[in-house]
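Engineer: test case, fold it:
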Amino acid sequence: MSRERALARMLDASAKLQWNVAMILEAKAVEAEKVRNWVCNHVTPDAFPQNQESLKETLIIHDQLIEVIDGLTKLNHGMTNVLKAALYQDGESEGMGGMFNGSIEMGDSGQ
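Structural biologist: The predicted structure is shown next:
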């Protein structure tokens with residue numbers, strides 16, 4: 001497999017990954033809205049006799065949100081590394097410059 005073909009496959013995989021992340025984020029937004037409604041209706045001073053229990057519940061929700069944000073940050077960092085590798089230009093080659101001159105096939109032939 002040529003270098004250009006490998007880079008094109010990397011970019012295609014990155015685009016598909018970004019699409020899937022967008023779908024995950026859309027689902028997470030719907031879920032977050034449901035959680036927000038539940039929290040607004042159920043996490044009230046009357047629901048917890050002690051402030052300690054209320055604080056514990058809100059910290060659990062906060063930790064879950066931090067884990068989601070951390071995971072998305074790591075995923076974004078990985079996708080950035082893929083794009084950097086694909087767009088990297090060294091002194092011997094033209095990098096991605098040769099990919100856009102129409103000489104590369106974007107099909108599944110030859111696999």
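
Engineer: from the contact counts, what lies against the host helix or strand of Leu25?
Structural biologist: Using DSSP states H and E, Leu25 falls within helix 3-42. Applying 3 or more CB pairs under 8 Å, 6 or more residues apart in numbering; DSSP states H and E, one finds that helix 3-42 contacts helix 51-87. The way it works is simple: take the backbone N, C-alpha and C, and place the C-beta from them, glycine included.

Engineer: centre of the chain to the helix it packs on, how far?
Structural biologist: Centre-to-centre, helix 51-87 and its host chain are 10 Å apart (CA atoms, centre = their mean, to the nearest Å).

Engineer: low-confidence ranges, the chain, go.
Structural biologist: 47-48, 89-111 (pLDDT under 70).

Engineer: in it, what residue sits furthest out from the centroid?
Structural biologist: Distance from the centre of the chain peaks at Pro49, with 39.4 Å (CA atoms, centre = their mean).

Engineer: helix, strand or coil for that residue?
Structural biologist: Of the three states, Pro49 takes coil under DSSP: H, G, I helix; E, B strand; the rest coil.

Engineer: so who does it touch?
Structural biologist: Not one residue lies near Pro49 by CB atoms under 8 Å, 6 or more residues apart in numbering.

Engineer: over to Ala86?
Structural biologist: 7, 10-11, 14, 96.

Engineer: try Val82
Structural biologist: 10-11, 13-14.

Engineer: nearest to Ser2, of the residues you listed?
Structural biologist: Closest to Ser2 out of these is Met10 (12.7 Å), distances taken as CB to CB.

Engineer: run a quick neighbour tally on that closest one.
Structural biologist: Burial measure for Met10: 14 neighbouring residues, criterion other CB atoms under 10 Å.

Engineer: now do the one 5 residues further on
Structural biologist: Close neighbours of Ala15, defined as other CB under 10 Å, add up to 11.

Engineer: ok, it to Leu83 distance?
Structural biologist: Distance of Ala15 to Leu83, computed by CB to CB, to the nearest Å: 10 Å.
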